[in-house]
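# 3D, please:
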Amino acid sequence: KSYSGARLTGKRPKRETDIHPLINWHLRDWAELRGVQIVPEAQTAVGRLDFALQGHVHNVGIETFCIEFKHAHAKDLVHGLEVQLPIYMEQLRAKYGAYVMMWFKCPSFQKPSKRKLKAIGDHWRLAGDQTTPEIEQLGFFFGCRVSKGVLNSIRVFTVDATAPVPASRA
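Numbers count the residues shown, from 1 in each chain. Have a look, this model is predicted:
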């Protein structure tokens, strides 16, 4: 939130790293029941992965699963999927990963723009359907991208993190 004196002038989503404790809290019970260790901000030689999950897989042994979160309006959204997460996976010898895009677009926060969504589709030579909600277009574009080649071991998720309208303002 940004203020001019006591007056609210705009809203912006929290930074990705500010959301990590909340995500960790949501994953904790699930992980504990399954004997999975959560490593937030897992250090690699090339940077910090948002989350590494480590656990025993029957007849396989200890496996690592990488999770990278990005705001849907991030400038490096495509780079995060195509370059950043695969490098983290390689560094941690993980066979699988998840790329989670957090969607915050609402009347008081208008990102990502329609132009940016079109540019992502154009980058991968995919056509968007103007009648499809933008959040679904984004999921479609990224889902198509991971269905081929080296990225097929990554699953893409789009989380609608738009602030709900309070009942008093509905």
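# ok, now which ones touch residue 76?
Going by C-beta atoms under 8 Å, 6 or more residues apart in numbering, residue 76 touches 70, 84. C-beta: built from backbone N, CA, C; applies to glycine.
# and the gap between it and residue 85?
Using C-beta to C-beta, to the nearest Å, residue 76 is found at 11 Å from residue 85.
# can you check residue 77 too?
Distance from residue 77 to residue 85, by C-beta to C-beta: 11 Å.
# higher neighbour count, these two?
residue 85 (24 against 19; other C-beta atoms under 10 Å).
# the more buried one and residue 65 touch, don't they?
No. Counting by C-beta atoms under 8 Å, residue 85 sits too far from residue 65 to count as a contact (11.5 Å).
# low-confidence stretches in the chain?
Scanning the chain for pLDDT under 70 picks out 1-10, 170.
# tell me the SS of residue 63?
With DSSP: H, G, I helix; E, B strand; the rest coil as the basis, residue 63 sits in strand.
# residues near it, how many?
15.
# quick one, what contacts it?
By C-beta under 8 Å, 6+ apart, the contact set of residue 63 is 54, 55, 56, 57, 94, 95, 96.
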